[in-house]
Every structure is written in structure tokens, then in C-alpha cells.
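Q: using only what follows, build the 3D model:
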Amino acid sequence: QVQLVESGGGLVQAGGSLRLSCAASGRTFSTYLMGWFRQAPGKEREFVAAISWSGSRIHYADSVKGRFTISRSNNNNTVYLQMNNLKPEDAADYYCAVSARDSVVADLYDYWGQGTQVTVSS
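A: You can find the predicted model right below:
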């Protein structure tokens, strides 16, 4: 089992920044990739970014490239998502998840956090 706890969501004006954190505990050695997904009301969950624990593999959705940066700290098993130049369309519930595979497909992620809400005002 892997436990994931997100934090850092909130309300920000368009053009502003937020940093999300996801702390992992439990059998993290069995995982390869930690990712961020988001889901807005009435929409399907979509991939945002992912990083391997080694840092050798990083993926971004086209919609966030150049604005979001994913990073990790192996010291405390935490992954961060720095979100800059936020847009109203970035508003959603953000979830972190872990996968044993190098994938951006939500179905291939095995454990999920409870989510943190990001609201962007225009």
C-alpha cells in the first residue's frame, strides 16, 4: 500500500502561481512514477505531469508545458508541482498518483491521493 497526501491548493488570480505538494508513504519502493492529474467539474480526469523517482523521466501535458514544473525530493518522498501563469482553465481538483509503469494513462496508476482544489479567478 502507498499513501498519498496532497496539499497546496487554493484560490489564485489568473497569472498567479501555486505550488502543490504530494507526500508519499508506505511501499513507495514498489512505484516508479508519480504523477499529477486534474479533474474539473463535468470533465474527465486528465494527465498533467509525471516524474520518476530518479528524475530521469518527466512528462508534461501540452496544455501546461512551459508553465508547470514537476520536481521531487527523495529525502522525504515528496513530489511538487509548481504552477505558474495560472489560467482559469487550470481550475480543477488536482490529484497525485503513483504508478509502477512509465505511463501517463490514469488507469495505470495504482494509488491516488484525496485531491486538492485549485481555483483560478479571472
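Q: tell me the SS of the residue nearest in space to the middle of the chain?
A: For the chain, the residue nearest the mean C-alpha position is Trp36 (2.2 Å; Cα atoms, centre = their mean). Here Trp36 is recorded as strand under DSSP: H, G, I helix; E, B strand; the rest coil.
Q: now do Glu89
A: helix.
Q: what's the burial count for it?
A: 11 (other Cβ atoms under 10 Å). All C-beta atoms are positioned from the backbone trio N, CA, C, and that covers glycine.
Q: ditto for the one 5 residues further on
A: As a burial measure, Tyr94 scores 24 neighbours (other Cβ under 10 Å).
Q: what does the one helix or strand it maps to rub up against?
A: Using DSSP states H and E, Tyr94 falls within strand 92-99. For strand 92-99, contacts defined as Cβ atoms under 8 Å, 6 or more residues apart in numbering pick out 2, 4, 6, 9, 20, 22, 24, 28, 31-40, 43, 45, 48, 50, 79, 81, 106, 108-118.
Q: filter the residues you listed down to the buried ones.
A: 2, 4, 6, 9, 20, 22, 24, 28, 31-38, 48, 50, 79, 81, 106, 109, 111-113, 115-116, 118 (16 or more other Cβ atoms under 10 Å).
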